[in-house]
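In: Based on what follows, work out the 3D shape:
(one chain, ligands or ions: 1)
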Amino acid sequence: MPSPDPQAIGRAVDARTGFASDLFDAAREASRDVEGVTRPAWSDLDMAVARQVESAALDLGLETRWDPAGNLLATLPGADRRAPQILTGSHVDSVPLGGNFDGHAGVVAALTTLAAYRDLGWTPPCDVTAIAMHGEESVWFATAYLGSKLACGTLPDGDLDRLRRFDTGQTLAECIAGCGVDVDALRAAKPWIDASNTRAFLELHIEQGPILVGAGQPVAIPTAIRGNTRFPDARCFGRYDHSAACPRDFRQDTALATAELISRLEAWWIEQEAAGVPDTVFTVGKLFTDSAEHAMTKVPGRMDFTLNFGGTTDAFLEGSATLTADLAAEIAARRDVRFEIGGRVGSRPTPLDPDVRGALTGAAKVLGMAPLEFATVGHDTAVFAGIGIPAAMILVRNENGSHNPYEAMEIGDFMAGTRTMAAAIAGLAGDPPAPA
Ligand SMILES: [Zn+2]
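Out: Next up is the predicted model:
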């Protein structure tokens, strides 16, 4: 069956605006906190939201099932059931006191897309499946993307019993079991999503930065997911001295030494940008003297800090680590202090698939938008891309960032993003569109 043309898909998506709004409202109601929403991973609250999605999917006549990790799958059957599926979705968990849209927007967009196809009476050539995942937010178990990693088989052995929820102390296995999932079956399960059964993964997500609001555009198609180089436990050791009595030559001032390190790293970052290295970020998230010992009248003898570099090239991420070590050695020798930069953690950058990105960009243009392109932050998409599934994302304009109660995505922008995704998936599914 030829796929409907993008304009018809766009109209069918728009006709489901009330359906999407109702899903957002129901999720907010089920997980409301003193401010915003709280949906811990694998809790009654995020399962309640997943069940709302299941119930809406059943009303649409979709096939639903819960995977071995308790992620919800809702499928619009394709003409060829054995052909690899197209998968789309995101996560239902939120951070504590978070917003209603970070994650859930991608789930609602996926289901709204399937609703529009249903309304058009379209049977796609392959299955199109919406997925609602758990455990994307790293706050709960100090590790991100748990639901997608379980599905793709990339969660390290032992993490089910090793990772503990930060507030209750329960293990990941205990939390999953608490949702009625058979954890023994999960332990025995082979990865159930891979490149042989899934030909593409698409995720709609709110933008968590200010670019779309600033540009006055509703959607962007990310070019890549940034990787990062992080030093979470960096320290500088010197000596406490009397601030008025100690001359400069005798000082071992950790505040000034650390300030120099940071400002020279920033200068390098600015140089890299000027040289055309794309999509770089640099953040000193923590920087403090020891409150038990520090005083306005003491030369500070110790500084603790974190360094966090992000980028889409290995050269930037490796260069940042090398430069940090070189500068620390040079500054330490000159200022008579000692840096312990500590262990490095981080992730590689994830390029997004050019064909899937192209399908999204093309659909947005056909539907009258001028999508921006820039790099984005870590999402479940990185896990699917990491196992070789062609994957891409669409970002929707959203004021006030995310991970807070003040996320402010407009429903009109959400529908623009969902129109784009629905038209792109129909295009990727393979059949030529019907003549307009
Ligand atoms: Zn998210």
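In: Residue 310 pairs with what?
Out: Beta-bridge pairing of residue 310 under DSSP bridges involves residue 228, residue 281.
In: quick one, what contacts it?
Out: For residue 310, the contacting residues are 226-228, 279-283, 377, by CB atoms under 8 Å, 6 or more residues apart in numbering. Every residue, glycine included, has its C-beta placed from N, CA and C.
In: how about the residue nearest the centre of the chain, what does it touch?
Out: Nearest residue to the geometric centre of the chain (CA atoms, centre = their mean): residue 379, 2.5 Å. By CB under 8 Å, 6+ apart, residue 379 lies in contact with 90, 136, 145, 203, 205, 225, 393.
In: Repeat that for residue 316.
Out: Applying CB under 8 Å, 6+ apart, we find residue 316 in contact with 272, 277, 280, 309.
In: out of those residues, who's nearest residue 292?
Out: Distance to residue 292, by CB to CB, is smallest for residue 309 among the contacts of residue 316, at 30.1 Å.
In: Would you agree the closest one is in contact with residue 323?
Out: No. Counting by CB atoms under 8 Å, residue 309 stays clear of residue 323, with 9.5 Å between them.
In: more crowded one of these two?
Out: The neighbour count for residue 309 versus residue 323, taken as other CB atoms under 10 Å, is higher for residue 309 (27 against 17).
In: SS state for the residue lying closest to the more buried one once chain neighbours are set aside?
Out: In space, and not counting its chain neighbours, residue 309 is closest to residue 320: 3.9 Å by CB to CB, 6 or more residues apart in numbering. Using DSSP: H, G, I helix; E, B strand; the rest coil, the three-state assignment for residue 320 comes out as helix.
In: Can you pull the residues of this structure lying near the ion?
Out: 102-103 (CB under 5 Å from the ion).
In: domains of the chain?
Out: The record's domain parsing of the chain by automatic domain parsing lists 6-225+349-428, 227-347.
In: for the stretch 251-400 of the chain, what spans make up the helices?
Out: With helices called from DSSP state H, counting those that start in this stretch, the stretch 251-400 of the chain shows them at 254-274, 314-335, 354-366, 381-386.
In: The lowest-mean-pLDDT helix or strand in the chain pairs with which strands, parallel or anti?
Out: Here the helix or strand of the chain ranked lowest by mean pLDDT, DSSP states H and E is strand 345-347, holding a mean of 88. Strand 345-347 sits in its sheet next to strand 227-237 (antiparallel), going by DSSP bridges.
In: what angle sits between the partner strand and helix 254-274?
Out: Per axes from the mean of the first three to the mean of the last three CA atoms, to 10 degrees, the angle that strand 227-237 makes with helix 254-274 is 160 degrees.
In: Comparing the helices of the stretch 251-400 of the chain, which comes out most buried?
Out: Counting by mean count of other CB atoms under 10 Å, helix 381-386 has the highest mean neighbour count of the helices of the stretch 251-400 of the chain, with a mean of 25.
In: gap between that helix and the chain center?
Out: Offset of helix 381-386 from its chain centre (CA atoms, centre = their mean, to the nearest Å): 10 Å.
In: So what touches that helix?
Out: Under CB under 8 Å, 6+ apart, the answer for helix 381-386 is 87, 145, 148-149, 152, 154, 193, 198, 201, 203, 225, 347, 350-353, 391-393.
In: Now which of the residues you listed would you call buried?
Out: Buried members of the contacts of helix 381-386, counted by 16 or more other CB atoms under 10 Å: 87, 145, 148-149, 152, 193, 198, 201, 203, 225, 347, 350, 352-353, 391-393.
In: now, which of the residues you listed lie within strands?
Out: Counting by DSSP state E, the part of these found in strands is 87, 198, 201, 203, 225, 347, 350, 391-393.
In: Out of the residues you listed, the closest to residue 363 would be?
Out: Closest approach to residue 363 among these (CB to CB): residue 392, at 11.3 Å.
In: Mind pulling up the pLDDT for the closest one?
Out: Residue 392 carries a pLDDT value of 98.
In: That one is in contact with residue 352, isn't it?
Out: Yes. Counting by CB under 8 Å, residue 392 touches residue 352, with 4.5 Å between them.
In: tell me, what's touching these two both at once?
Out: If you check residue 392 and residue 352 against CB under 8 Å, 6+ apart, the residues they both contact are 222, 381.
In: Mind giving me the ChimeraX command for buried ones among the contacts of residue 310?
Out: Filtering the contacts of residue 310 down to the buried ones (16+ other CB under 10 Å) takes a single ChimeraX command:
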select :226,227,228,279,280,282,377
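In: starting at the chain centroid, how far to stretch 183-201?
Out: Taking mean C-alpha positions (CA atoms, centre = their mean), stretch 183-201 and its chain are 20 Å apart.
In: tell me which residues of it are tucked away?
Out: For stretch 183-201, burial by neighbour count (16+ other CB under 10 Å) applies to 183, 186, 192-194, 198-201.
In: Averaged pLDDT, it. What do you get?
Out: Stretch 183-201 comes out at a mean pLDDT of 96.
In: what does stretch 160-178 give?
Out: 96.
In: Can you give me the end-to-end span of it?
Out: Stretch 160-178 has an end-to-end distance of 13 Å (CA to CA, to the nearest Å).
In: what's next to it, contact-wise?
Out: 40-43, 69-70, 135, 139-143, 146, 159, 183, 186-187.
In: what do you get for stretch 257-270?
Out: When contacts are defined by CB under 8 Å, 6+ apart, stretch 257-270 is touched by residues 236, 238, 280, 282, 284, 287, 303, 305, 307, 309, 320, 323-324, 327-328, 331-332, 335, 337, 339.
In: how far away is the nearest residue in space to residue 231 that is not next to it in sequence from the ion?
Out: With sequence-adjacent residues excluded and distances taken as CB to CB, 6+ apart, residue 231 is closest to residue 307, at 4.4 Å. Using CB to the ion, to the nearest Å, one obtains 24 Å as the distance from residue 307 to the ion.
In: Tell me how many other residues crowd residue 307.
Out: If you count neighbours by other CB under 10 Å, residue 307 ends up with 24.
In: from memory residue 307 sits against residue 228, does it?
Out: No. The pair residue 307 / residue 228 is not scored as a contact, 10.2 Å apart, by CB under 8 Å.
In: does the residue of the stretch 151-300 of the chain at minimum distance from the ion sit in a helix, a strand or a coil?
Out: At 5.7 Å from the ion, residue 205 is the closest residue in the stretch 151-300 of the chain, using CB to the ion. Under three-state DSSP, residue 205 falls in the strand class.
In: which residues does it bridge with?
Out: Applying DSSP bridges, one finds that residue 205 bridges with residue 395.
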